[in-house]
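Colleague: Sequence and predicted model, in that order:
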Amino acid sequence: MADTPRRVLVTGAAGRLGRATLALLAELGVEVTALDREPLVAPRVVAGDAGDPETVRRALDGVDAVLHFAAIPAPTLGTPVAVYAGNTRSTFVVLEEAGRAGVPRAALASSLSVTGMPWAAKPLHPAYVPIDERLPLQNEDPYGLSKQADEATGAMMARRFGMGVVALRYPLLGGPGDKFDTTAARYADDPGSGAAELWTYLDDRDAARAAWLAVTAPLTGYHAVFVTAPTTLAPQPTEELLDRFHPDAARRRTFTGREAPVDLTVAETLLGFRAEHLFPADTFGVAP
């Protein structure tokens, strides 16, 4: 492990991932500065917009790692301009100010949506499966494009300031009894509804742990990393799903049971990350 950060800035701290991360850092005894426009309870809170340089500079006081989660999380939650411009502005401001302050490590919440598939107006298909970090992107929506731009910003800031920057390509986040139950039931009835997301998911607790590893694992430079559970939320075998919904994607290997069609090698080798909280196979009455 790299040197453990003394204080971590979490932007978007009132959101789903932010709350899970605050809980993890509290458990680990790590000091936190929480930045959000929404009210929240944390030892040190800075209220404001992550796109405002003065607010971010204030929030960075005493910080030696940044977890940047602040964003409009879907293209349906604002105008195209608001989604793209707001997301890319906050990422640029947070990383620019962190670099100027000499913060050595940062991680940002990217998304599997960076592939272009989840929010496309018509069905898109990956060039190959399992997908990996070299997959050609096909963005045609403002949210996916904002994540592509955010990743480019992370790479630039790593070069400019010598920061270690990781962009975490998260899938659907949630937990048992929450999004996962309803989503799994939908996939069981209508498996095509999950094709754009490749039926992937990640428990909030694992998502928070991946973020912590992204600023503590021994690495330098910029890295984009897919972090998902190794299984899908669909009861059908992955091979069957790919045959039905992505038949033209080049098959680079076969898949066992509900294995997620995502290559998780980089997550494991670079960050030492493996998901621990998996959606139970007995929910479906099928093998994992």
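Modeller: Arrived safely.

Colleague: The lowest-mean-pLDDT helix or strand in the chain packs against which elements?
Modeller: Ranked by mean pLDDT, DSSP states H and E, the helix or strand of the chain with the weakest confidence is helix 179-189, at a mean of 94. With contacts defined as 3 or more Cβ pairs under 8 Å, 6 or more residues apart in numbering; DSSP states H and E, helix 179-189 has these neighbours: strand 172-174, strand 201-203. C-beta coordinates here come from the backbone N, C-alpha and C atoms, glycine included.

Colleague: List of residues touching it?
Modeller: 172-174, 193-194, 199, 201, 203, 232-236, 279, 283-284 (Cβ atoms under 8 Å, 6 or more residues apart in numbering).

Colleague: And for stretch 4-15?
Modeller: 18-19, 21-22, 25, 30-40, 42, 45, 50, 56, 59-60, 62-71, 73, 90, 94, 98, 105, 109, 215-216.

Colleague: Okay, and which of those residues map to strands?
Modeller: 31-36, 45, 65-68, 105, 109 (DSSP state E).

Colleague: Please convert the residues you listed to a markdown table, extending it with distance to Ala85, neighbour count and pLDDT.
Modeller: Converted to a markdown table, those look like this (distance: Cβ to Cβ, whole Å; neighbours: other Cβ atoms under 10 Å; pLDDT from 0 to 100):
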| residue | distance to Ala85 | neighbour count | pLDDT |
| --- | --- | --- | --- |
| Glu31 | 32 | 14 | 96 |
| Val32 | 28 | 21 | 97 |
| Thr33 | 25 | 22 | 97 |
| Ala34 | 24 | 25 | 98 |
| Leu35 | 19 | 33 | 98 |
| Asp36 | 19 | 24 | 97 |
| Val45 | 26 | 17 | 96 |
| Ala65 | 26 | 27 | 98 |
| Val66 | 21 | 30 | 98 |
| Leu67 | 22 | 31 | 98 |
| His68 | 16 | 27 | 98 |
| Arg105 | 27 | 23 | 98 |
| Ala109 | 17 | 27 | 98 |
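
Colleague: Between all of these, which two are at the greatest distance?
Modeller: Val45 and Arg105 (21.7 Å; Cβ to Cβ).

Colleague: All the helices of the stretch 1-150 of the chain, residue numbers only.
Modeller: Secondary structure of the stretch 1-150 of the chain (DSSP state H, counting those that start in this stretch): helices at 16-28, 53-59, 80-100, 142-161.

Colleague: what inclination does the first one have with respect to strand 31-36?
Modeller: Right, helix 16-28. 160 degrees (axes from the mean of the first three to the mean of the last three Cα atoms, to 10 degrees).

Colleague: same question, the third one
Modeller: Taking the same axes, to 10 degrees, one finds that helix 80-100 is oriented at 150 degrees with respect to strand 31-36.

Colleague: for the record, mean pLDDT for helix 80-100?
Modeller: On average, the pLDDT along helix 80-100 is 98.

Colleague: What of the shortest one?
Modeller: Along helix 53-59, the predicted confidence averages to a pLDDT of 98.

Colleague: next one: the last one
Modeller: With pLDDT averaged residue by residue, helix 142-161 scores 98.

Colleague: in it, what counts as buried?
Modeller: 142-151, 153-158, 161 (16 or more other Cβ atoms under 10 Å).

Colleague: residue ranges with poor pLDDT in this protein?
Modeller: For the chain, the stretches with pLDDT under 70 are 1-2, 281-288.

Colleague: so who does the residue nearest in space to the middle of the chain touch?
Modeller: Closest residue to the average C-alpha location of the chain: Tyr170 at 2.8 Å, with Cα atoms, centre = their mean. Shown in contact with Tyr170 (Cβ under 8 Å, 6+ apart): 17, 109-112, 202, 207, 227-228.

Colleague: Most neighbours among the residues you listed, please name it.
Modeller: Val227 (29 neighbours; other Cβ atoms under 10 Å).

Colleague: what about the closest residue to that one other than its chain neighbours, how many residues close to it?
Modeller: Spatial nearest neighbour of Val227, excluding adjacent residues (Cβ to Cβ, 6 or more residues apart in numbering): Ala210 at 4.5 Å. If you count neighbours by other Cβ under 10 Å, Ala210 ends up with 27.
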